[in-house]
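S.K.: What follows is a predicted protein model with its sequence.
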Amino acid sequence: MTAVAMNSHLFRVICILHSIIALTSGTLMMFYTEKASIFGHGSDIASKLKGSTPHDDLLIQISQSFSGLLLFAIGLVLFLVSFVTDRDFHGFFAKGCAVLYVLMAIWRVSFERKLEDLAYEWPKQALGDIALAVSWVFFLVCTWREKYD
């Protein structure tokens, strides 16, 4: 297998793995909002994140469902992008995804750690964001190695 074909294959694998993560998370957030919240934050924090009135609770559920729908749409886009064969686009897309995940981690460190109910959750979520960014950086390093060797 040539280096170009290997990098294209690696791009497809990373996109599909990220797509599966986004599709699964989005589906859980849309259809199993309460269980996804308990799974993501624990039962104590999930109960604190509920609204104090039925109206507030409904607004929070709708917001989480729309967030899940957005995540599901991102998963579909990642799946479709995995079939693009343009090498220049691969590099551009990987850089954009890596920057996006790093910005998400910075946002978690900057803002979520200040929220009392989420104070213990942000480190694991920020590490997850960094791990997803590292997968794209790994792809970029493999691409650059092939390009400059």
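M.R.: Arrived safely, thanks for sending.
S.K.: count of neighbours near residue 81?
M.R.: For residue 81, the count of nearby residues is 18 (other CB atoms under 10 Å). For the C-beta atoms, the positions are set from N, CA and C on the backbone; glycine is no exception.
S.K.: For it, give me its contacts.
M.R.: With contact set as CB atoms under 8 Å, 6 or more residues apart in numbering, residue 81 has these partners: 15, 93.
S.K.: so what's it scoring on pLDDT?
M.R.: Looking at residue 81, its pLDDT stands at 96.
S.K.: That one and residue 96: what is the separation?
M.R.: 11 Å (CB to CB, to the nearest Å).
S.K.: can you check residue 106 too?
M.R.: 16 Å.
S.K.: Same check on residue 146?
M.R.: Per CB to CB, residue 146 is found 20 Å from residue 96.
S.K.: Neighbour count for the two, which is higher?
M.R.: Using other CB under 10 Å as the criterion, residue 146 and residue 96 rank with residue 146 on top: 14 against 11.
S.K.: Quick check, that one in contact with residue 10.
M.R.: No: in this structure residue 146 lies outside contact range of residue 10 using CB atoms under 8 Å: 10.3 Å.
S.K.: Just the buried positions in the lowest-mean-pLDDT helix or strand in the chain, please.
M.R.: Every helix and strand in the chain was compared by mean pLDDT, DSSP states H and E; the lowest is helix 43-48, with a mean of 76. Buried positions in helix 43-48, judged by neighbour count with 16 or more other CB atoms under 10 Å: 45-46.
S.K.: No further questions, thank you.
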